[in-house]
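> Everything below, folded, please.
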Amino acid sequence: MRFSTLFISYFCIISSALCANSDPDKFERYQSLSRSTPIDLDDSSYGDLTSKTRDYHVAVLLTAADARYGCVLCREFQPEWELIARSWNKGPKPDDLKLLFTTLDFSNGKATFQKLMLQTAPVLLVFPPTVGPFARVDDAPVRFDFSGPISADQLYLWINRHLPEGPKPPLVRPINYMRLVSAVTILMGIMTLFTVMSPYVLPIIQSRNLWAAFSLIAILLFTSGHMFNHIRKVPYVAGDGKGGISYFAGGFSNQFGMETQIIAAIYAILSFATIALAMKVPRIADSKAQQVAVLIWGTVLFGMYSFLLSVFRAKNGGYPFFLPPF
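Next up, the predicted model:
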């Protein structure tokens, strides 16, 4: 009988000590501090929350959001961290999976930063439970170092990988009503402007002459080597070695910026002369005026083509064709 009494007394003493160490109400006590946003910690609460024995996970963001520390990344990520905590606390999750989202700012946790020997911020630590169904033998926290801007979705996936398997609350971003209203307003403004301006704009857009002009300009630019100049970064002009300026580069695979403009002008004159001979001259009612127009445009066509052939011969001496007078 005396032995039984001593055994019961010893069991009560051991049980009381274990209960005092595990503190099963610690999770509820800290969770009651904030139901949506992360819990703000200091050195004392950080030590109490991460001390053994714990039957819950703790995610601690060590940051320096105060403007005097100049941590732009800390301030930019703070809303994303609050989004993660809010989504977890308000979403459905298993009753036995306990996780607290907390924040320890450098202003309130200088001793902790020194103890952890942190030189940069932000840094995320996730502490696993030491007792309970999800306890781990290695109770050291897993660490996430921020190497640059990161979204809440990316960090939330990383946190879930270090939690027990099972359903997790989804990350839910709130609807940005301001952006939605702005998009609708801009769309309505564009539709109104189009409705008002359509009687004036549509005839211009549907003009065949306008599109023909744009097409001709684009063809002249690209056939004259405009894109080549942008890719190769060619010089505009170069010296000829005799104190003068050379406008044409030797060889078919080389050219200058000024050369491109000259060739484009030659092509343009040849195009306009051909268009005039094919479309404008036949519409001239006076036969003598028509003959004069044919002579003028024919001379222009012949002279420009002769000059173009001379440019080809200048770039490559082996080019066999030419036309007088060049």
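
> which residue ranges form the strands in the chain?
For the chain, applying DSSP state E gives strands covering 39-41, 57-63, 99-105, 123-127, 142-145, 238-239, 245-246.

> Turn those strands into CSV, including mean neighbour count, mean pLDDT and distance to Leu49.
C-betas here are computed from N, CA, C, even on glycine. Listed next are the strands of the chain as CSV, based on neighbours: other CB atoms under 10 Å; pLDDT from 0 to 100; distance: least, CB to CB, whole Å:
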stretch, mean neighbour count, mean pLDDT, distance to Leu49
strand 39-41, 19, 93, 7
strand 57-63, 24, 94, 6
strand 99-105, 23, 94, 7
strand 123-127, 20, 95, 8
strand 142-145, 14, 93, 16
strand 238-239, 13, 87, 73
strand 245-246, 14, 86, 78
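
> So which of these is nearest Glu80?
strand 57-63 (10.1 Å; CB to CB).

> before we move on, the earlier item: dump the strands of the chain to CSV, plus distance to Asn229.
Output for those, formatted as CSV (distance: least, CB to CB, whole Å):
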stretch, distance to Asn229
strand 39-41, 60
strand 57-63, 51
strand 99-105, 55
strand 123-127, 50
strand 142-145, 46
strand 238-239, 14
strand 245-246, 16
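
> any idea how far Leu220 is from the residue lying closest to Gly298 once chain neighbours are set aside?
Nearest non-adjacent residue to Gly298, counting by CB to CB, 6 or more residues apart in numbering: Leu277, 7.1 Å away. As judged by CB to CB, to the nearest Å, Leu277 and Leu220 stand 18 Å apart.

> how about the closest residue in space to Ala268 that isn't next to it in sequence, what does it touch?
Excluding its sequence neighbours, the residue lying closest to Ala268 (CB to CB, 6+ apart) is Leu220, at 5.6 Å. Residues in contact with Leu220 (CB atoms under 8 Å, 6 or more residues apart in numbering) are Ala264, Tyr267, Ala268, Ser271.

> what number of residues lie near the second one?
In other words, Tyr267. Applying other CB atoms under 10 Å, we find 18 residues neighbouring Tyr267.

> Run a quick check on it versus Ser224, I expect a contact.
Yes: contact status for Tyr267 versus Ser224: in contact at 6.2 Å, counting by CB atoms under 8 Å.

> rewinding a little: just the buried ones from the contacts of Leu220, in ChimeraX syntax?
Those of the contacts of Leu220 that count as buried under 16 or more other CB atoms under 10 Å are selected in ChimeraX with:
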select :264,267,268
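
> Any chance of the contacts of Leu220 in CSV with distance to Val300 and pLDDT as columns?
Below are the contacts of Leu220 laid out as CSV (distance: CB to CB, whole Å; pLDDT from 0 to 100):
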residue, distance to Val300, pLDDT
Ala264, 16, 90
Tyr267, 13, 91
Ala268, 12, 91
Ser271, 11, 89
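
> Of all residues in this structure, which one is nearest the centre?
Pro149 (11.2 Å; CA atoms, centre = their mean).

> Check the gap between the nearest residue to Leu301 once chain neighbours are set aside and Phe307 for me.
Nearest residue to Leu301 in three dimensions, chain neighbours excluded: Ala273, at 4.3 Å (CB to CB, 6+ apart). Plainly put, Ala273 is 13 Å away from Phe307 if you go by CB to CB.

> Which one's more surrounded, the two?
Ala273 (20 against 16).

> This completes my enquiry, with thanks.
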